[in-house]
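Chemist: could you look at this predicted model? Sequence included:
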Amino acid sequence: MPAIFDSIHFPQIVRTAVLIALVLLTRVIAIRRIRSAEGMSKDMRRRWSAQVRLVTLLLIVLGLLLIWGAELKTFALSVVAIAAAIVIATKELIMCVSGTLLRASGKSFQIGDRIEIGSFRGDVVDQTLLTTTILEVGPGTNIHQHTGRTIVIPNSVLLTTPVLNETFLDEYMLHAFSVPLGADDDWIQCERALLDAARTECSSFMREAQEHIEHTVRKEGLDPLSVEPRVTLRMESKDQIVMLARVPVPARRKGRIEQAILRRYLAWLSEHRSNTDPPESPASVD
């Protein structure tokens, strides 16, 4: 007991006790007056009693804030300082967890998808609360072979870097690649040959790809997509034409399908050029 009297907070403790006693006493008196009031219905008595209890609670809270205001301010500053220190110390961990929540809510990718995050590209092989592990594919965006390396990416990267999902359509996808031509090449025949090569290599799974992509498009509410192989032209410069081929491919075989199409096209190109080369003129006889 003497320790309480010697405490620097003893005046606040006394004021708190007096405040609570006075407010509770006033509450008891007010409720008794309400209950004994004549000509007041039961519903009105209940409403007034509820109002008295609410006012009593507000008076106690306001009184405590006035009495302990300085101490509460000091305590709040201490809590804020501690919270700020914790946030600064665990900033990266908090961002990683936030990136995980963003990935889960947006359904941006899952294990097995081939994704590109910044300069990193590969197949997702593991996901945790803090990191995403991918099996690297590349190098670059035009190579579709595994390098044998794994990359562990902190999920905080997902908050600031867009994610490119190459396998959004799951089993089948639309894959595009470019083939350059010289301005003097017969682009009409080259375009036809590239298109024929694409149709030949894709013919075995064309129907399955069409059905799968149509199902995915309807599920996601997208505009209809045609999976028919197509070739478009683009002028890179006055001396170069680029043929852009777009073909349906199995998501895990796009590199092999692209290579098969290119090899078939290059075989035609080699044969075409050998057939169109002018015959060598016979050597002149002196």
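Modeler: Yes, it's here. Remember, predicted model here, so these are calculated numbers, not experimental data. Numbers count the residues shown, from 1 in each chain.
Chemist: pull out the buried positions in the host helix or strand of Val55.
Modeler: Val55 is part of helix 42-67 when elements are defined by DSSP states H and E. Judged by neighbour count using 16 or more other CB atoms under 10 Å, the buried positions of helix 42-67 are 48, 52, 56, 59-60, 63-64, 67. Where C-beta positions appear, they are placed from N, C-alpha and C, glycine not excepted.
Chemist: now the next helix or strand after that helix against helix 42-67, angle please.
Modeler: Downstream of helix 42-67, the first helix or strand assigned by DSSP H and E is helix 69-89. Angle of helix 69-89 versus helix 42-67, following axes from the mean of the first three to the mean of the last three CA atoms, to 10 degrees, is 80 degrees.
Chemist: which one of the buried residues of helix 42-67 is nearest to Pro180?
Modeler: Leu64 (79.2 Å; CB to CB).
Chemist: quick check: closest non-adjacent residue to the closest one.
Modeler: Spatial nearest neighbour of Leu64, excluding adjacent residues (CB to CB, 6 or more residues apart in numbering): Thr16 at 6.6 Å.
Chemist: which strands and helices sit next to the helix or strand harbouring Thr16?
Modeler: Applying DSSP H and E as the criterion places Thr16 in helix 10-36. Where contact means 3 or more CB pairs under 8 Å, 6 or more residues apart in numbering; DSSP states H and E, helix 10-36 is packed against helix 42-67.
Chemist: and the helix it packs on, how far out from the chain's middle?
Modeler: Distance of helix 42-67 from its chain centroid, counting by CA atoms, centre = their mean, to the nearest Å, is 49 Å.
Chemist: so for that helix, mean pLDDT?
Modeler: What helix 42-67 shows for mean pLDDT is 83.
Chemist: over to stretch 145-155?
Modeler: The average of the pLDDT scores along stretch 145-155 is 85.
Chemist: what residues does it touch?
Modeler: With CB atoms under 8 Å, 6 or more residues apart in numbering as the test, stretch 145-155 has contacts from 92, 95-100, 103, 117, 120, 122-123, 125, 129-139, 255.
Chemist: and it, which residues are buried?
Modeler: Here stretch 145-155 shows 151, 153, 155 as buried, counting by 16+ other CB under 10 Å.
Chemist: what of stretch 231-248?
Modeler: 231, 241, 243, 245-248.
Chemist: so for it, first residue to last residue, what's the gap.
Modeler: Stretch 231-248 has an end-to-end distance of 12 Å (CA to CA, to the nearest Å).
Chemist: and if you look at stretch 32-44?
Modeler: 14 Å.
Chemist: what comes up buried for that stretch?
Modeler: Quick answer for stretch 32-44 (16+ other CB under 10 Å): Ile34.
Chemist: for Val87, list the residues it contacts.
Modeler: Ile94.
Chemist: re the thing from before, helix 69-89 and the helix holding Thr16, what's the angle between them?
Modeler: Inter-element angle recorded for helix 10-36 and helix 69-89: 110 degrees (by the same axes, to 10 degrees).
Chemist: so for helix 10-36, what's the average pLDDT?
Modeler: 85.
Chemist: that one: how far from the chain's middle?
Modeler: In terms of CA atoms, centre = their mean, the centre of helix 10-36 is set 56 Å apart from its chain centre.
Chemist: what residues sit buried inside that helix?
Modeler: Using 16+ other CB under 10 Å as the test for burial, helix 10-36 gives 12, 16, 19, 23, 27, 30-31, 34.
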